[in-house]
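S.K.: Coordinates for the following, if possible.
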Amino acid sequence: MVRTVLDLRLRSTMHQLRREWWRVLMLVVGVVWSISLVPAVVWGARVLSYNTVAVKADAAVAVTVILTLGWWLVPLAITGLDDTLEPTRFASLGIAPRRLAPALSVSTLLTVPSLFTLFVLVALSTMWHNEHPRTLVMVVGVAGAVVQWVAVVWSSRVVSAWTARIVAGRRSRLALAGTVGAVVLLAIPVVWVVARDGLEMVLDYDIPVLLDQWGRTPLAAAMAAPESLALRNTWGVLWRLAITLGWAAALQGAWAANVAYAQVHPLFRGGGTRERDDAVLAAATPDAQGRWRAAWHAVWRRVWPVARHAHGPVRAVRARQERAWRSDPRHVAALAGVVVMPLMVLVLVPLFGVDSRWMLLAPLVLAASIGWGRHNDLALDSTAVWLDVVSGRHGRAVMSGRMAAVLRWALPLVVIMALLAWGWSRQWLLGLGILGTSLGVLGATLGVSAVTAVVFPYRVAAPGESPLGAPPGSVGASVVAQTLSSLATAVVVPVVMAPMAAAVLWDARWAWVAAVVGVAIGGAMYMGGVRFAGMMYDQRAGALVGALS
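M.R.: Got it, this is the predicted structure:
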């Protein structure tokens with residue numbers, strides 16, 4: 001069975017390389033990058049061989065931890081590159097999971113990133129060559145590297161598979177909220193310890209203790225086994241290798257359970273929720289809005305021309321998108337992702353003791369992340385594009401409703417982050433400027449993303465699928481769209497931020513200018529971008545349906 005799966009994988013990969021040029025490019029870049037790191041790995045192992053046993057063990061554990069985290073996080077962030085090992089592709093063949101799971105596990109070990117990881121761990125184990133007994137320590141080091149390699153690669157498959165199942169479920173919001181909460185709770189004691197003892201003290205005393213304890217866990221125990229042998233602790237060698245082998249066996253069992261689950265649980269589209277009122281229809285009907293909201297919409301239609309001509313479609317699309325932001329796992333995952341970088345700014349600034357003015361970057365990073373991330377907003381609603389297109393030439397109404405749904409949650413979030421950063425940084429004279437600049441960055445980037453979502457669409461995971469997946473063949477188009485969107489954002493954002501930078505670096509009175517300039521440019525670019533995107537939406541209606549279907 002292993003031979004059959006390997007042959008199928010090789011044939012599928014060759015066909016993909018012939019059909020999609022970007023896969024060849026990615027493969028060549030990966031191979032060249034891996035080869036370029038070979039001298040550095042060999043040199044590092046050579047330098048470490050002259051250090052003490054404790055330093056060698058800490059280095060081995062640290063490298064293993066970094067590789068493990070990379071194998072866990074990179075597949076979650078970069079998807080759609082290789083789907084030849086997905087268990088769902090074998091569901092129609094009727095293969096027993098107990099035969100398929102080991103074959104897929106062996107195939108996972110024979111990829112380019114996996115083989116490079118094996119090389120790094122084995123090369124690192126050569127640093128034990130001058131310890132006594134020399135031959136035996138080297139044998140234990142190489143054996144530990146191989147066992148640890150298997151555990152690292154298999155843990156990545158289990159993490160990716162089970163995370164995709166959790167996020168794709170109806171309780172995805174709870175899972176994401178729990179993950180973010182756990183990360184915040186773990187970061188709090190770290191920041192407190194660094195603030196209490198100082199970064200240098202933590203690096204000298206706390207990190208070695210942490211690495212020593214990590215080397216007692218299955219995540220790095222096998223790489224620390226040579227240290228036990230060098231210290232004449234035979235029992236330490238045996239239990240470290242044993243728990244790592246047991247961990248690998250447990251991972252194989254978890255992977256087999258996931259393969260069995262995937263064979264009988266195809267992707268589904270329905271959420272299985274109970275029947276409730278139609279929010280989209282209610283939003284599009286003026287009589288259902290209430291007297292005060294109807295009066296407000298009447299005023300708003302006089303101010304905003306798009307609302308005057310298509311107030312019903314605007315509200316219908318906005319209501320549909322608001323529902324998606326509350327319930328669709330793909331939107332929920334995007335919403336959780338935009339807060340990562342701002343939280344890192346708030347944590348790292350006090351952690352490294354730099355100037356508190358850097359705190360003011362948090363709301364700007366948040367606003368830019370929200371705005372830039374909407375460059376694929378249209379693709380996330382691919383099943384509704386056909387409905388919007390056949391409803392008539394409502395491009396401006398559709399894009400206005402989509403962006404308005406984003407503003408419903410983005411505006412409060414950016415304002416709260418701006419107030420937090422302002423109070424934490426204690427830059428009292430810059431409050432109005434950072435608030436106006438943050439809103440300006442949000443409006444400007446949303447305007448850019450409204451245009452790029454229509455001009456450079458690309459396919460993403462369909463509704464009901466895992467938000468951590470990507471359709472095969474979409475990576476090339478997504479790279480082009482993201483690159484062009486990033487370049488446009490990089491041109492616009494510095495213009496909005498220039499007065500605020502002057503206020504921070506030279507004179508705080510520039511903050512008043514920053515507030516006015518930010519709101520003016522952000523508002524103008526938002527309205528202009530939505531208007532232009534709506535016009536392009538009507539012109540490219542057929543191309544949009546073809547690109548996203």
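S.K.: those helices in the stretch 251-400 of the chain, which residues are they?
M.R.: For the stretch 251-400 of the chain, the helices defined by DSSP state H, counting those that start in this stretch cover 279-284, 291-303, 305-327, 329-337, 340-352, 361-373, 377-380, 382-390, 395-425.
S.K.: OK, contacts around the residue of the chain most remote from its centre?
M.R.: Distance from the centre of the chain peaks at residue 133, with 45.8 Å (Cα atoms, centre = their mean). The contact partners of residue 133, taken as Cβ atoms under 8 Å, 6 or more residues apart in numbering, are residue 229. C-beta here means a position set from N, CA and C on the backbone, and glycine is covered the same way.
S.K.: Recalculate using a threshold of 10 Å.
M.R.: Residue 133 makes contacts with 139-140, 229-230, 232, as judged by Cβ atoms under 10 Å, 6 or more residues apart in numbering.
S.K.: Turn those residues into CSV, columns for neighbour count and distance to residue 448.
M.R.: Output for the contacts of residue 133, formatted as CSV (neighbours: other Cβ atoms under 10 Å; distance: Cβ to Cβ, whole Å):
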residue, neighbour count, distance to residue 448
139, 15, 58
140, 24, 56
229, 24, 59
230, 22, 58
232, 9, 64
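S.K.: Can you spell out which helices and strands pack onto the helix or strand where residue 530 lies?
M.R.: Counting by DSSP states H and E, the element that carries residue 530 is helix 510-539. With contacts taken as 3 or more Cβ pairs under 10 Å, 6 or more residues apart in numbering; DSSP states H and E, helix 510-539 sits against helix 305-327, helix 361-373, helix 382-390, helix 395-425, helix 431-455, helix 475-505.
S.K.: swap the cut-off to 7 Å and go again
M.R.: Secondary-structure packing of helix 510-539 (3 or more Cβ pairs under 7 Å, 6 or more residues apart in numbering; DSSP states H and E): helix 395-425, helix 431-455, helix 475-505.
S.K.: so which of the ones you listed comes closest to residue 95?
M.R.: Ranking the helices and strands packed on helix 510-539 by proximity to residue 95 (Cβ to Cβ) places helix 475-505 first, at 28.0 Å.
S.K.: in the stretch 401-549 of the chain, which ranges drop under the pLDDT threshold?
M.R.: By pLDDT under 70, the low-scoring segments of the stretch 401-549 of the chain are 459-481, 546-549.
S.K.: Quick one: work out the angle between the helix holding residue 530 and helix 382-390.
M.R.: If you take axes from the mean of the first three to the mean of the last three Cα atoms, to 10 degrees, helix 510-539 sits at 70 degrees to helix 382-390.
S.K.: so where's the longest helix in the protein?
M.R.: helix 134-167 (DSSP state H).
S.K.: I'd like the mean pLDDT over that one, please.
M.R.: Mean pLDDT, helix 134-167: 85.
S.K.: One more: stretch 233-241?
M.R.: Stretch 233-241 shows a mean pLDDT of 90.
S.K.: What residues sit buried inside it?
M.R.: 236-237, 240-241 (16 or more other Cβ atoms under 10 Å).
S.K.: Break the protein into its domains for me.
M.R.: What automatic domain parsing lists as the domains of the chain is 2-260, 306-548.
S.K.: Tell me which of these sits most buried.
M.R.: domain 306-548 (a mean of 20; mean count of other Cβ atoms under 10 Å).
S.K.: gap between residue 231 and residue 131?
M.R.: Distance, residue 231 to residue 131, by Cβ to Cβ, to the nearest Å: 10 Å.
S.K.: list the residues that contact both of those two?
M.R.: Both residue 231 and residue 131 are contacted by residue 53, under the criterion Cβ atoms under 7 Å, 6 or more residues apart in numbering.
S.K.: Touching, residue 394 and residue 313? I think so.
M.R.: Yes. Residue 394 is within contact range of residue 313, at 4.8 Å (criterion: Cβ atoms under 7 Å).
S.K.: which residues do these two both contact?
M.R.: Residues touching both residue 394 and residue 313 (Cβ under 7 Å, 6+ apart): none.
S.K.: Reformat the helices and strands packed on helix 510-539 into TSV and put distance to residue 219 next to each item.
M.R.: Shown next, in TSV, are the helices and strands packed on helix 510-539 (distance: least, Cβ to Cβ, whole Å):
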stretch	distance to residue 219
helix 395-425	34
helix 431-455	39
helix 475-505	30
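S.K.: Which among these is found nearest to residue 364?
M.R.: helix 431-455 (5.6 Å).
S.K.: Now residue 223: closest residue in space, sequence neighbours ignored.
M.R.: Leaving aside its chain neighbours, residue 223 sits nearest to residue 60 (4.2 Å; criterion: Cβ to Cβ, 6 or more residues apart in numbering).
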